[in-house]
Each structure stands twice: as structure tokens, then as C-alpha cells.
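Visitor: Here is my input; please provide its structure:
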Amino acid sequence: MGKHRKGVDQVEGRAIPYGRKNIDTDLIIPARWLKTVSREGLGVGAFESVRADNPDNIFDQEEFAGAPILIAGDNFGCGSSREHAAWALLDMGIRAVIAPSFSDIFAGNAFKNGILTVALPQEQVDRLLEVAQTDPVTIDLETQTVTTPFQDRFTFEIDPFRKFCLLEGLDEVGLTLTRNDAIAAYETRLSAAKPWLVRGTANAAT
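Guide: Numbering: from 1, shown residues only. Okay, here's the model as predicted:
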């Protein structure tokens, strides 16, 4: 575990233009898929009801196969808290979601799983939905910009801590391991200052 995933620097490619508002986690991945604890294979269940209701739905169109970006409407990821929603998007190949706003819980789960959430004003999202019908979109996390081949350039805000972790590909374990030297130095000082604590820990371990 730890620094095991690819960092998010630039996400570029076709973007799925699905501008529906209030997409909840049950729509992203239905409850019947929650029995698994694996992150693999959930992509086939993503947006299952949308796919079942419309054989010509945008998620199954060949031109958007493997698209790394999803463009959605306001309040994306609302509803129940389920990390499976982020897993399903990842398994689809989604590395970033653009929307006017996100559920706080979903945004947190997305971040923990290396998905970049980009909040932009509705008029900018509308423009990207238009461009995405025919052309690619580029998200640059370092410069915090979203651009198109037509000279559109939109800036977005992101928490500096989340930006750092996403750029470096760090999860909670990986972030802790970056402090490994400091932790080891602390343990050495503790052992010298209070050796009885260390001996007690060793005895408990055995």
C-alpha cells in the first residue's frame, strides 16, 4: 500500500457529456453491487439503470469508451455514502469529474481514491458539455485549469493538501510513509528517554 497509484497531473481526452443534475450514488452504482469489497469489476454496474433504460445511452457509445473525464450537473454524488461509487468510476476509466458542485461525502471518497473533482460555474460546465460532444478536454492540476481546443480556459480552486496528494499519488498510508524518517527518529528518542515503554511494548508483542 502507500504510494502505489499513479498521480493526477494532467487528465486529457474525451469527456462524457452527461449534464444531469443530482446524480446520486445509487445511480452511479446500484445497491446490489455493494456486496463486493473489491474495487475491480464495478465499472460494468456503473450507471446500470441509465444503460438499461436506453440502449443508445451515452455511456455505451463507442466514441466515449475509456473516456477519462465525466462532465455532470449540479450536486454530483449526492445520496448515501458509498465508496463503491468512486470505485465504479475508476473502473470505468474516469480520472476526473467536472460539475458545478459535489456532495461533500462523494468529493472526499473521490479524493481518497485518486479522482479529481473540478467545480466550475454552470455556464462554464455548459460550454464544456458542448465541446465534449465532438472534441477532447484537458484538465491540468498543476495550473488548475480546464482547456479545450477552442481556446477556452477555465480556472478552478482546490484545497492545497488535496492537490499535493493527487499530484504525488498519495493515499493516507503513502502520506504517512513520507514521514517515515521523522517517525523513526521519534521512536529512537523515545527508546533512549523511556526504555521501559519500549520493553513493555516488546513484551506485549510476544
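
Visitor: got a pLDDT number for the most centrally placed residue in the chain?
Guide: The centre of the chain sits closest to Ile115, judged by CA atoms, centre = their mean, with a distance of 1.6 Å. We have a pLDDT of 96 for Ile115.

Visitor: what do you get for Glu187?
Guide: For Glu187, pLDDT reads 59.

Visitor: So what's the residue count around Ser49?
Guide: If you count neighbours by other CB atoms under 10 Å, Ser49 ends up with 11. C-betas here are computed from N, CA, C, even on glycine.

Visitor: i'd like the first residue to be 248 from this point on
Guide: In the new count, where the first residue is 248, that last one comes out as Ser296.

Visitor: dump the residue contacts of it.
Guide: By CB atoms under 8 Å, 6 or more residues apart in numbering, the contact list for Ser296 reads Leu274, Pro277.

Visitor: Would you map out the domains in this protein?
Guide: Using automatic domain parsing, the domain parsing of the chain gives 257-417, 418-453.

Visitor: on that earlier part again, the residue nearest to the centre of the chain: what's it in contact with?
Guide: With contacts defined as CB under 8 Å, 6+ apart, the neighbours of Ile362 are Val255, Ala333, Leu336, Leu337, Ile341, Arg342, Ala343, Val344.

Visitor: just the strands in this structure please.
Guide: Taking DSSP state E, the strands of the chain run over residues 257-260, 262-264, 316-318, 343-346, 363-366, 384-387, 392-394, 400-402.

Visitor: Would you convert these into JSON lines that also reports mean neighbour count and distance to Arg409?
Guide: Listed next are these as JSON lines, based on neighbours: other CB atoms under 10 Å; distance: least, CB to CB, whole Å:
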{"stretch": "strand 257-260", "mean neighbour count": "16", "distance to Arg409": "15"}
{"stretch": "strand 262-264", "mean neighbour count": "25", "distance to Arg409": "21"}
{"stretch": "strand 316-318", "mean neighbour count": "27", "distance to Arg409": "18"}
{"stretch": "strand 343-346", "mean neighbour count": "26", "distance to Arg409": "13"}
{"stretch": "strand 363-366", "mean neighbour count": "22", "distance to Arg409": "9"}
{"stretch": "strand 384-387", "mean neighbour count": "20", "distance to Arg409": "14"}
{"stretch": "strand 392-394", "mean neighbour count": "20", "distance to Arg409": "16"}
{"stretch": "strand 400-402", "mean neighbour count": "14", "distance to Arg409": "16"}
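
Visitor: Now tabulate those in JSON lines and tack on distance to Phe306.
Guide: Converted to JSON lines, those look like this (distance: least, CB to CB, whole Å):
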{"stretch": "strand 257-260", "distance to Phe306": "15"}
{"stretch": "strand 262-264", "distance to Phe306": "7"}
{"stretch": "strand 316-318", "distance to Phe306": "9"}
{"stretch": "strand 343-346", "distance to Phe306": "14"}
{"stretch": "strand 363-366", "distance to Phe306": "19"}
{"stretch": "strand 384-387", "distance to Phe306": "17"}
{"stretch": "strand 392-394", "distance to Phe306": "21"}
{"stretch": "strand 400-402", "distance to Phe306": "24"}
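
Visitor: Cheers, nothing more for now.
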